[in-house]
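Visitor: what's the 3D shape of this:
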Amino acid sequence: MLYEVMLALSIGSATDRGQALELGIVCVMQGEGAWSVAIFWNNIQRNPTGYGMAFFAAITWAVYSVFTRRFGNGVNGVPLFLVITVGVLWLAYVFSDQAALTFNLAGFLQVAVMGALMATAYSCWNYSIQHGNLAVLATMSYFTPVLSALLACVWLGVKPDAGFIYGVGLVTLGSLLSGRASK
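Guide: Numbering: from 1, shown residues only. Take a look at the predicted model:
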């Protein structure tokens, strides 16, 4: 739950679409234009809270994965996790100074589709981490940022550039090397 709350809040604090993508995926999506350490550092300085929460989310995801495998005993905690996450995020919204929400069919459908995709992804991950082959899971999980970046590009209307192709190549190479090393 902490992972999802921190990631959602970090992405919500992004100052532009490029930062939103960068907070979720650093190398696969290179922000707006060329990516460099200097640009990345400048973005961190412009939005340290968002990047800090994204980093914290990454740490809590790793901890969650380890503890789920070790102590999960085959129990799927994803529904409870999602309900608590939604509750925390709604509380954060209620106590924020954000403008009132405007409900419409398009917005509702977007939330429903994204929610269903996330619930499915978390359930699959939870099952795989407890019952699956961890070497295969680790190798295949390298493609998660690629798929996330593609979906985010479509959803946000951001056109992937050459950096995206470069990132996909690096992710694929990393996945192949990881799979080979685990054999």
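Visitor: now do the helix or strand hosting Ser123: which elements does it pack against?
Guide: Using DSSP states H and E, Ser123 falls within helix 105-131. Other helices and strands packing on helix 105-131, by 3 or more C-beta pairs under 8 Å, 6 or more residues apart in numbering; DSSP states H and E, are helix 48-71, helix 78-94, helix 144-156. Heads up, the C-betas are built off the backbone N, CA and C, glycines and all.
Visitor: out of those helices, which gets nearest to Tyr127?
Guide: helix 78-94 (8.9 Å; C-beta to C-beta).
Visitor: sketch out the low-pLDDT regions of the chain for me.
Guide: Within the chain, the segments meeting pLDDT under 70 span 1-12, 17-23, 25-35, 178-179, 181-183.
Visitor: switch to 80 and redo it
Guide: Low-confidence segments of the chain (pLDDT under 80): 1-37, 39-40, 135-136, 138-146, 148-149, 160-183.
Visitor: what residue is smack in the middle of it?
Guide: Taking C-alpha atoms, centre = their mean, the centroid of the chain lies closest to Gly24, which sits 5.0 Å from it.
Visitor: surely that residue touches Ala152?
Guide: Yes. Under the criterion of C-beta atoms under 8 Å, Gly24 makes contact with Ala152 at 6.7 Å.
Visitor: that older thread, buried residues in the helix holding Ser123?
Guide: 122, 125-126, 128-130 (16 or more other C-beta atoms under 10 Å).
Visitor: show me how far the next helix or strand after it is from its chain's centre.
Guide: Using DSSP H and E, the next helix or strand after helix 105-131 towards the C-terminus is helix 134-141. Relative to its parent chain, helix 134-141 has a centroid offset of 17 Å by C-alpha atoms, centre = their mean, to the nearest Å.
Visitor: stretch 109-127 too?
Guide: On C-alpha atoms, centre = their mean, the centre of stretch 109-127 falls 12 Å from that of its chain.
Visitor: now swap in stretch 131-138 and tell me
Guide: Per C-alpha atoms, centre = their mean, the centroid offset for stretch 131-138 relative to its chain is 19 Å.
Visitor: ok, Asn43 touching Val37?
Guide: No. The criterion here is C-beta under 8 Å, and Asn43 misses it with Val37 at 10.7 Å.
Visitor: more neighbours: these two, which one.
Guide: Taking other C-beta atoms under 10 Å, Asn43 and Val37 do not tie; Asn43 has more neighbours (21 against 7).
Visitor: roughly how far does that one sit from Met53?
Guide: Separation of Asn43 from Met53 (C-beta to C-beta, to the nearest Å) stands at 14 Å.
Visitor: same thing with Leu82?
Guide: 19 Å.
Visitor: the more surrounded of those two?
Guide: Met53 (21 against 17).
Visitor: related to what we said a few turns ago, closest to Val66 out of the buried residues of helix 105-131?
Guide: Ile129 (8.9 Å).
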